[in-house]
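# output the structure for:
(4 chains)
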There are 2 protein chains.
Amino acid sequence: MPTKSEKTQRRIIDAANQLFYHKGYHRTSFTDVVEEADVPRGNIYYYFKTKDEMLRAVIKQRLETISVMLKEWDKHYPQPLDRLERFVQIMYDSTPALLHSGCPMGSLNVELGKDQPELKAEAKALFDIFHLWLTRQFADMGYPDEARELSMQLLARGQGIIVVAQVYQDPGFLERGTKEINRWLEELARYA
Amino acid sequence: MPTKSEKTQRRIIDAANQLFYHKGYHRTSFTDVVEEADVPRGNIYYYFKTKDEMLRAVIKQRLETISVMLKEWDKHYPQPLDRLERFVQIMYDSTPALLHSGCPMGSLNVELGKDQPELKAEAKALFDIFHLWLTRQFADMGYPDEARELSMQLLARGQGIIVVAQVYQDPGFLERGTKEINRWLEELARYA
DNA sequence: GTCTATAATACGATAGAC
DNA sequence: GTCTATCGTATTATAGAC
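The predicted structure is shown next:
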C-alpha cells in the first residue's frame, strides 16, 4: 500500500506530466504544478529539489508506461506487422490530443533540443524506447539489416504527419497519413 | 537611406529572430535581445510594446525573406520539379543549423501550438507561404487536384526527417531523407 | 528620440517552525 | 514528513530625465 508521501509524489508527477505536455516544459511553473496537484506551495521541494529533477521523474514515468504498453503489444500480437500497425494505431487514437498539443515526445525533444543538451539527452530516451522496439519488429519481419533505418523512417513519418496536422488542425490529414503508413508497412511485409 | 531608428529596429528584429530560433520564443528574454542587439535596456519598449509584438515583427521579416527567395526560385527554375527539388535542397544545405536548433518554422509552430492560439495563428503563416507555393508547383506539374495534399505530404516529410535527425544528431539521415524525397518527386514528375 | 533608473511581478529555491 | 514564510533573482514593463 502506498504511503501518503508516495501518493503525493505521484500526484505531482502526474500533474507535471500533463502540464509539460499541454503547456510545454518552460512555460510550466512550479506554481502551476502545485496548484494542479493541490500541494502546498514550497512543499514541492521536499519531493523534487529542482525543476530538472521533476522533468526526469516525468520522463521516467512515461518510459515505464510505454514499456508496459509495448510488452502488452508483444503479448497480444505475435506478428511484427500487427505490432507495427498497433503502433500506428495509437497515433490515430490520439488525434484530439495530437491536434491540441502535438506529440508528447516529439514536442518535448524539439523544445529541449534547442539549447539544453543534458535535458534533451533525457528526453531522447522516449524516442529510444520506441526506436529499439520498432527496430526489432522490422528485423523480425525480415529486414535485419535495414531495420534501424526503417524504424527511423517510421518515426519520422509519424512526427511529420503530427506536426502538419497540428499546424493545419486537420484530423483528416492524420487519418490519411496513418493509412498511408499502414499501406507502406503491409507492402514491406509482403515483399519481405 | 535608413534612419538610425530604422537601423536599430532592424538590429532588434535580427537579434530576436536568431534568439527565437536558437533558444525558442519563451526562453528568450528581452534582456537576451537587447544584449544581442546592443541596445540600452529599457529602450526596446520604444520599438516594441510587448514581446508578442516583437514576435509578429520577426515572423513578418521571415515571411518577406521567404517571399523574395521563392520569387528568385520562380525566376531561375522554369520547371516545377526543379523548383520542388530546390526547396528540398535548402533542407540539405541547412543541415548544421537543423541539427542544432531544428526547423525554424516547425519548432516555432510546435512551441506556440501548445496553448497560444493567437501566436500560433501568426506562426502558421510561415507554413502557409510555403504550402501555397508548393501547391502551385504540384498543380503545374500535372496534379491540380492532388496538389494541396501533395504539398502537405512534402511538408510533413521534411518536418519528420528534421525532427528525427535532430533527436539522433544524424546528418546522414537528413541526407538520405532528402534524397528519398527527390526520388519521390522525380517519380511524380515522370508519371504526371 | 534616446536612455537610466526602477517599478511590479513571477520565477525557482531556501530556512525553519511544527 | 508537512507546511508557511520568505529569499534572491530575473522577468516584463513604466516613469521620467535628458
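# tell me the residues of chain A that contact DNA strand D?
Selection of chain A residues close to DNA strand D by CB under 7 Å from any atom of the strand yields A:3-5, A:8, A:39-43, A:45-46. C-beta coordinates here come from the backbone N, C-alpha and C atoms, glycine included.
# also near DNA strand C: which of those, exactly?
Residues of the residues of chain A next to DNA strand D in contact with DNA strand C (CB under 7 Å from any atom of the strand): A:41-42, A:45.
# could I get those residues in CSV, plus columns for secondary structure, pLDDT and distance to residue B:67?
CSV is the format used below for those (DSSP: H, G, I helix; E, B strand; the rest coil; pLDDT from 0 to 100; distance: CB to CB, whole Å):
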residue, secondary structure, pLDDT, distance to residue B:67
A:41, helix, 82, 49
A:42, helix, 79, 51
A:45, helix, 90, 50
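# just those residues now: which is nearest DNA strand D?
Distance to DNA strand D, by CB to the nearest atom of the strand, is smallest for residue A:42 among these, at 2.5 Å.
# ok, the closest one - contacts?
Residues near residue A:42 by CB atoms under 8 Å, 6 or more residues apart in numbering or on different chains: none.
# count the residues that sit near residue A:138.
Residue A:138: 25 surrounding residues under other CB atoms under 10 Å in any protein chain shown.
# could you say which helix or strand contains it?
Taking DSSP states H and E as the criterion, residue A:138 maps to helix A:117-141.
# is chain B contacted by that helix?
Yes: Helix A:117-141 is in contact with chain B by CB under 8 Å from any CB of the partner chain, via A:124, A:127.
# buried residues in that helix?
A:119-120, A:122-127, A:129-131, A:133-141 (16 or more other CB atoms under 10 Å in any protein chain shown).
# for the next helix or strand after that helix, what is the average pLDDT?
Per DSSP H and E, the first helix or strand lying C-terminal to helix A:117-141 is helix A:147-167. The average pLDDT for helix A:147-167 rounds to 99.
# over to stretch A:63-76?
Averaging pLDDT along stretch A:63-76 gives 98.
# pull the number of nearby residues for the residue in chain A positioned nearest to chain B.
Proximity of chain A to chain B (CB to the nearest CB) peaks at residue A:160, 2.7 Å away. Neighbour count for residue A:160, taken as other CB under 10 Å: 26.
# again with residue A:90
13.
# next: residue A:12.
Residues contacting residue A:12 under the criterion other CB under 10 Å number 25.
# does chain B sit close to stretch A:49-61?
No: Stretch A:49-61 lies apart from chain B when judged by CB under 8 Å from any CB; the minimum separation is 13.0 Å.
# which residues does residue A:20 contact?
Applying CB under 8 Å, 6+ apart, we find residue A:20 in contact with A:28, A:55, A:58, A:108.
# and the pLDDT for the spatially most central residue of chain A?
With distances taken as CA atoms, centre = their mean, the residue of chain A nearest its centroid is residue A:105 (4.0 Å). The model reports residue A:105 with a pLDDT of 98.
# cool, and residue A:1?
Listed pLDDT for residue A:1 reads 62.
# got the contact list for residue A:11?
Residues near residue A:11 by CB under 8 Å, 6+ apart: A:37-39.
# those, buried ones only, as a ChimeraX selection?
Selection of the buried residues among the contacts of residue A:11 in ChimeraX, burial being defined by 16+ other CB under 10 Å:
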select /A:37,39
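# residues of chain A that sit close to DNA strand C?
A:28-32, A:41-42, A:45, A:49-51.
# what do you get if the cut-off is 10 Å, keeping everything else the same?
For chain A, the residues in contact with DNA strand C (CB under 10 Å from any atom of the strand) are A:25-35, A:40-46, A:48-54.
# follow-up on the earlier one: inside helices: which ones of the contacts of residue A:20?
If you go by DSSP state H, the contacts of residue A:20 have A:55, A:58, A:108 in helices.
# what's the closest of those residues to residue A:150?
Closest approach between the ones in helices among the contacts of residue A:20 and residue A:150, by CB to CB: residue A:108, at 23.9 Å.
# I figured residue A:163 was touching residue A:99, is that so?
No: taking CB atoms under 8 Å as the definition, residue A:163 is not a contact partner of residue A:99, at 11.1 Å.
# which of these two has more neighbours?
Shown here are residue A:163 and residue A:99; by other CB under 10 Å, residue A:163 has more neighbours (31 against 18).
# for the nearest residue to that one once chain neighbours are set aside, the count of nearby residues, please.
In space, and not counting its chain neighbours, residue A:163 is closest to residue B:159: 4.4 Å by CB to CB, 6 or more residues apart in numbering or on different chains. Residue B:159 has 28 neighbouring residues, counting by other CB under 10 Å.
# gap between residue B:159 and residue A:9?
36 Å (CB to CB, to the nearest Å).
# before we move on, what about residue A:87?
Separation of residue A:87 from residue A:9 (CB to CB): 30 Å.
# same thing with residue A:105?
For residue A:105, the distance to residue A:9 - CB to CB - is 23 Å.
# next: residue A:171.
Taken as CB to CB, the span from residue A:171 to residue A:9 is 36 Å.
# quick one: pLDDT of residue A:36?
Residue A:36 is assigned a predicted lDDT (pLDDT) of 92.
# go on, residue A:96?
On pLDDT, residue A:96 comes in at 98.
# tell me the SS of it?
When classified by DSSP: H, G, I helix; E, B strand; the rest coil, residue A:96 comes out as helix.
# and for residue A:192?
For residue A:192, the assignment made with three-state DSSP gives coil.
# wait, what's in contact with it?
A:141-143.
# for residue A:112, same thing?
Residue A:112 is in contact with A:25, A:119-120, A:122-123, counting by CB under 8 Å, 6+ apart.
# what's the closest of those residues to DNA strand C?
Out of the contacts of residue A:112, the member with the shortest distance to DNA strand C (by CB to the nearest atom of the strand) is residue A:25, at 9.1 Å.
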